[in-house]
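Student: this is a predicted model, with the sequence first.
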Amino acid sequence: MVIEAALGRVTTNPKAFTDLTEALAWAHNVHNTALKLVGRRAEAIEALAVGARVPEGGRANVSQTLNLGGPS
């Protein structure tokens, strides 16, 4: 998946992204959706959990935390 390649690049070269602080949590959310669509449920939940740990606007990430607790 393209999203997996992009998330991998975040680890190896975070300076390649200009919007990392604004978009990283949502990238994990997109990863979650893609994984669910191909039936990789356990990995989808982990992607959302990783996204929930990414601060949003300098604060705790409420959006992904709520998504993690919602229907899967």
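Tutor: Great, that's in hand.
Student: strands along the protein, start to end?
Tutor: In the chain, no strands are defined using DSSP state E.
Student: need the contact list for the most centrally placed residue in it.
Tutor: Within the chain, the residue whose C-alpha comes closest to the C-alpha centroid is His28; the distance, by Cα atoms, centre = their mean, is 1.1 Å. Contact partners of His28, counting by Cβ atoms under 8 Å, 6 or more residues apart in numbering, are Leu7, Ala47, Leu48, Val50, Gly51, Val54, Gln64. Every C-beta, even on glycine, is put in place using the N, C-alpha and C of the backbone.
Student: please name the nearest non-neighbouring residue to it.
Tutor: Distances taken as Cβ to Cβ, 6 or more residues apart in numbering place Gly51 nearest to His28, at 2.8 Å, with adjacent residues excluded.
Student: so what's that neighbour up against?
Tutor: Applying Cβ under 8 Å, 6+ apart as the definition, the contact partners of Gly51 turn out to be Leu24, Ala25, Trp26, Ala27, His28, Asn29, His31, Asn32, Asn61, Gln64, Asn67.
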